[in-house]
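[1] attaching a predicted model along with its sequence, questions to come.
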Amino acid sequence: MQYAVIETGGKQYKVNKGLVLEIEKLEVKPGEEQKFDKVLLYVSDGQVSVGKPYLEDVVVSAKILEETKGKKIRVVKFRAKSKYRRKTGYRHMFSKVVIDSIEKKEEKKKSAPVNLDSKDTKKTTVKK
């Protein structure tokens, strides 16, 4: 099983491929793709990678399905004996996304170490 923990909108989410979740509203239009590079944790086949604070080589890509509004919160101000009453409402905006993939970039293979003690080196002497 492969999953990751990402950070977006000041919150952390555990995601895996195919998961649909509501996150803080993004500046991306519905139907477009968004890549999350703030990956805190990545688990694949029992191997755990933890970032310090983020993992550089893991990217989570998601598709924006729609923008929705949250539940209405009503705010009431009231002062007794003064006929002062104010009532307002607020609805928070969310983006509904589906996780398409969790990709880990392949590490570059290191080349063979160079032997500095080879006989091809030339000794130089300084004349006095």
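    Okay, I see it.
[2] let's see stretch 65-77 as PDB, backbone CA atoms only.
    Provided in PDB are the C-alpha atoms of stretch 65-77 (Å, rounded to 0.1, in the frame of the first residue of the first chain):
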ATOM      1  CA  LEU A  65     -13.400  18.300  -9.200                       C
ATOM      2  CA  GLU A  66     -15.400  21.300  -8.000                       C
ATOM      3  CA  GLU A  67     -15.500  24.200  -5.600                       C
ATOM      4  CA  THR A  68     -18.100  23.900  -2.800                       C
ATOM      5  CA  LYS A  69     -19.300  26.000   0.200                       C
ATOM      6  CA  GLY A  70     -19.200  24.600   3.700                       C
ATOM      7  CA  LYS A  71     -21.900  24.700   6.300                       C
ATOM      8  CA  LYS A  72     -23.300  28.100   7.200                       C
ATOM      9  CA  ILE A  73     -22.000  29.600  10.500                       C
ATOM     10  CA  ARG A  74     -24.300  32.200  12.000                       C
ATOM     11  CA  VAL A  75     -22.900  35.000  14.100                       C
ATOM     12  CA  VAL A  76     -25.200  36.900  16.400                       C
ATOM     13  CA  LYS A  77     -24.300  40.100  18.400                       C
END
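[3] other residues contacting it?
    20, 22, 25, 30, 84-98 (CB atoms under 8 Å, 6 or more residues apart in numbering). All C-beta spots, glycine's among them, are computed from the backbone N, C-alpha and C.
[4] can you give me the strands for this structure?
    Along the chain, counting by DSSP state E, strands occupy 2-8, 11-15, 20-24, 33-36, 39-44, 47-55, 58-69, 73-79, 84-90, 93-104.
[5] the residue lying closest to residue 6 once chain neighbours are set aside: how many residues sit nearby?
    In space, and not counting its chain neighbours, residue 6 is closest to residue 36: 4.6 Å by CB to CB, 6 or more residues apart in numbering. As a burial measure, residue 36 scores 21 neighbours (other CB atoms under 10 Å).
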